[in-house]
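A.B. asks: A predicted structure for the sequence below; I have some questions about it.
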Amino acid sequence: MFERPDWTLFRSLGTLGQKAGVPLRRLAALVVKELADNALDAGANARVERDGDWIYVEDDGPGLPADPVTIARLFSIQRPLTSSKMVRVPSRGALGNGLRVVSGAVLASSGDLFIETGGQRFDVRPLDDGTSQVKQTPAPARRTGTRIGIRLGAGVPVADDALSWSEIAIAFADLGKTYKGKTSPWWYDAESFFEMCKAAGARPLADLCEVFRDVTHAAAAGLVGSMQSDDVTRDQAQKLLTLLRERSAAPKPAALGKIGELADMSYAHASGEINVGASLPARLPYSIDAFVEIKEEGEDDNVIVLVNRTPITGDVNVIRQKAHQIGVIGCGLRHIFEVGRKPVRIVINVTTPYMPITTDGKEPDLQRYLGPLSTVIEKAAKKAKRKESGSVVRVSQKDVILSNMKDAIAKASGNAKFRYSLRQLFYAVRPYLLEQLGKEPDYNYFAQIVTDIEAELGADLPGLYRDARGVIYHPHTGQEIPLGTLNVEKYERPEWTFNKILYSEKEGFFGILKDTGWPERNDCALLTSKGFASRAARDVLDLIGQTQEEIYFFCIHDADASGTLIYQALTEATRARGARKVHVINLGLDPWEALDMDLQVETFREMGGKRDRQLPVAEYVPERWKEWLQTQRVELNAMTSPEFVRWLDKKFEEHADKVVPPQQVLREELDGQTRLQLERLLAAEILAAGGFDQRVEAAMAAAREKTKALDLDQIVRHGLDKTPEHRWDRPLGSTAADIAAGVLNS
């Protein structure tokens with residue numbers, strides 16, 4: 001029997017293609033692409049150049065560690081696949097298998113390789129034992145970045161288009177918006193998360209947890225203690241992944257960004273999610289850009305596919321079918337697309353934190369995206385046909401809004417001097433819409449476009465505020481705060497007053513709860529936003545979650561389709577906000593418990609008509625009840641007031657803990673209250689001993705003599721003319737201060 005370590009497949013040209021996923025004729029192109037991808041993923045500007053037998057890849061990034069030991073390890077075919085590849089983010093490469101392919105190509109072809117970084121030059125010579133020898137010398141002066149030179153030996157053909165993959169990756173790198181955040185626990189199924197833990201090795205599991213969105217070191221330590229990553233069992237990994245998901249909402253597909261329009265090609269875009277994995281399936285968002293241009297008659301159709309802005313290495317072949325169709329074969333596809341009669345060039349980019357593959361050679365499984373691919377390819381092809389034929393392309397309401405938004409904001413805000421409302425912004429855009437479309441615009445559609453813009457910005461439009469759409473009630477203080485943008489911006493959570501918030505879509509229930517002292521008994525604030533989880537309500541939750549005090553958020557809602565979506569909206573990140581920083585708990589009312597309670601059921605429509613559409617229902621609802629909610633509902637108002645309070649009390653039994661601050665806070669509060677009592681008692685004693693009341697009356701008599709001759713009406717009017725925003729008593733206050741000082745100083 002013979003044994004052969006896996007790494008040895010990288011040192012021979014006969015087997016290197018198996019690990020690289022490309023035939024020998026495309027190996028040079030792959031080597032250059034891997035180097036360029038690594039540079040681009042480091043946030044650098046990159047360029048590639050060919051000079052005779054040498055190919056150079058340069059960037060202006062942070063550079064590689066400038067020591068020979070690290071360089072030898074990175075460019076060694078024997079080193080294991082690095083675990084950074086297992087952190088799912090929408091990136092091109094992460095110093096994983098790619099550098100082993102580069103080193104293997106140099107070794108197998110007897111080529112040459114050098115790296116210039118940090119002011120040093122490292123000539124690398126890969127060896128047959130899997131290691132690499134490195135010779136270090138001073139490099140030509142370079143302020144930042146890295147320059148890699150590679151010359152492949154005679155065994156590896158270097159075609160004329162060897163730089164084409166890397167040039168495409170560089171061209172698409174800076175277009176549009178890209179994802180800048182951390183990885184999300186929703187992007188892993190239980191199995192991939194378990195393998196990630198094992199691959200992390202003997203390191204604290206808390207350190208690994210910190211790579212995820214919304215997980216601090218303290219929170220991670222609280223979840224896993226001192227456990228090591230490679231000690232985790234499958235069951236423990238699944239439970240931990242569930243806990244991490246509870247702390248972080250799944251990022252919306254819009255967060256991945258998109259490339260957007262190109263001047264010389266017609267464009268279409270689609271986004272969504274796919275589920276991958278059997279146990280705790282991963283929710284993988286995707287963003288697909290498609291570009292189409294019409295080619296000259298007699299030319300061939302062709303399709304270029306990119307994943308995360310870099311070309312795939314798998315073969316995608318195009319065959320013209322009927323006169324107006326092409327068949328696309330490869331990477332899981334054997335499908336026909338409608339593109340018109342003339343030849344087309346199609347460029348597709350799929351952005352996703354993890355792309356399922358069909359082979360060891362990294363061929364993406366594009367069949368999973370067949371639906372949205374068909375939509376964007378055919379939509380972009382129709383645009384290209386209209387453009388090529390000279391047809392007038394109808395301007396959309398969205399196009400007009402986007403092209404005039406900057407001017408509209410300037411108009412609504414008085415060139416950034418004033419805040420402005422969403423309705424004012426609409427009226428600032430409206431003249432453009434009327435002029436270019438010739439019809440009355442839709443305000444609700446306009447509001448949705450603004451939400452889309454803010455989702456890409458990751459923040460509100462500058463200066464925009466939204467009207468109040470609800471209220472938050474603080475227990476113990478009785479304070480009620482309207483939920484509008486301006487109020488939310490000034491909101492401050494009272495310290496150690498409540499550790500729970502109850503959200504209800506029914507504002508009327510709050511009167512019942514306040515009358516019975518329920519918020520005070522449970523140290524629970526009450527929050528409503530008039531029928532839906534509005535933006536301001538979610539903003540309040542963001543602010544509360546940023547404090548050090550832990551907070552639990554409870555949601556009650558009708559047992560109907562829209563009620564389940566209210567809960568889902570409050571658990572997820574809003575389109576222009578990060579994830580919630582609080583623990584969100586659904587109390588119901590859910591349909592199954594409503595039936596158990598024998599509450600009145602309403603039937604509001606019958607399904608079956610051609611025009612019936614499926615009502616959206618939250619993902620947590622089982623399939624059986626999703627169907628039930630299409631035609632039936634139960635309102636919270638089906639409960640009487642006593643039934644409602646009993647139902648809510650029962651729901652809160654396991655969450656009835658009162659707010660009790662830490663010992664230090666208790667000590668400071670006791671000291672403060674004791675001081676106030678002492679000050680009150682001592683002040684009364686000292687004032688009485690000094691004849692305080694008698695002295696005040698004597699001084700007041702003198703003051704009245706001074707005020708007899710004053711024209712108070714003139715004093716007040718003069719003060720208000722000077723400062724119009726003051727109330728009438730402010731000028732009198734200033735006069736009183738002058739009189740008192742004069743009496744005491746005389």
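C.D. replies: It's in.

A.B. asks: now the helix or strand containing Ile377: how far from the chain's centre is it?
C.D. replies: Per DSSP states H and E: Ile377 is located in helix 370-389. Relative to its chain's centre, helix 370-389 lies at 29 Å (C-alpha atoms, centre = their mean, to the nearest Å).

A.B. asks: Counting neighbours, what do you get for Tyr445?
C.D. replies: For Tyr445, the neighbour count with other C-beta atoms under 10 Å is 12. C-beta: built from backbone N, CA, C; applies to glycine.

A.B. asks: try Thr375
C.D. replies: Using other C-beta under 10 Å, Thr375 has 15 other residues around it.

A.B. asks: And the helices in the stretch 401-550 of the chain, which stretches?
C.D. replies: According to DSSP state H, counting those that start in this stretch, the stretch 401-550 of the chain carries its helices in the segments 422-437, 443-457, 485-489, 508-515, 518-521, 535-545.

A.B. asks: chain center to the biggest helix by length in the chain, what's the gap?
C.D. replies: Determined from DSSP state H, the single longest helix within the chain is helix 663-689. In terms of C-alpha atoms, centre = their mean, the centre of helix 663-689 is found 49 Å from the chain centre.

A.B. asks: Tell me which residues are up against the helix or strand following it.
C.D. replies: Where DSSP H and E defines the elements, the next helix or strand beyond helix 663-689 is helix 692-707. Here helix 692-707 makes contact (C-beta atoms under 8 Å, 6 or more residues apart in numbering) with Leu687, Ile739, Ala740, Gly742, Val743, Leu744, Ser746.

A.B. asks: show me the contacts for the fourth one.
C.D. replies: The neighbourhood of Gly742, defined by C-beta under 8 Å, 6+ apart, consists of Lys706.

A.B. asks: Give me the secondary structure label for it.
C.D. replies: helix (DSSP: H, G, I helix; E, B strand; the rest coil).

A.B. asks: what comes into contact with the helix or strand encompassing Ala218?
C.D. replies: In this assignment (DSSP H and E), Ala218 forms part of helix 217-224. Outside helix 217-224, the residues that touch it by C-beta under 8 Å, 6+ apart are Leu205, Ala206, Asp207, Cys209, Glu210, Leu240, Leu243, Leu244, Arg247.

A.B. asks: The third one and Ala171: what is the separation?
C.D. replies: Relative to Ala171, Asp207 is positioned 37 Å away (criterion: C-beta to C-beta, to the nearest Å).

A.B. asks: neighbour-wise, which of those two wins?
C.D. replies: Asp207 (15 against 11).

A.B. asks: where's that one, which helix or strand?
C.D. replies: Counting by DSSP H and E, Asp207 is found in helix 205-209.

A.B. asks: For that helix, which helices and strands make contact with it?
C.D. replies: Applying 3 or more C-beta pairs under 8 Å, 6 or more residues apart in numbering; DSSP states H and E, we find helix 205-209 packed against helix 190-199, helix 217-224, helix 234-246.

A.B. asks: Just the residues contacting that helix, thanks.
C.D. replies: Contacting residues not belonging to helix 205-209 are listed as 196-197, 200, 215, 217, 219-221, 223-229, 231-232, 240, 244 [C-beta under 8 Å, 6+ apart].

A.B. asks: Alright, calling it a day.
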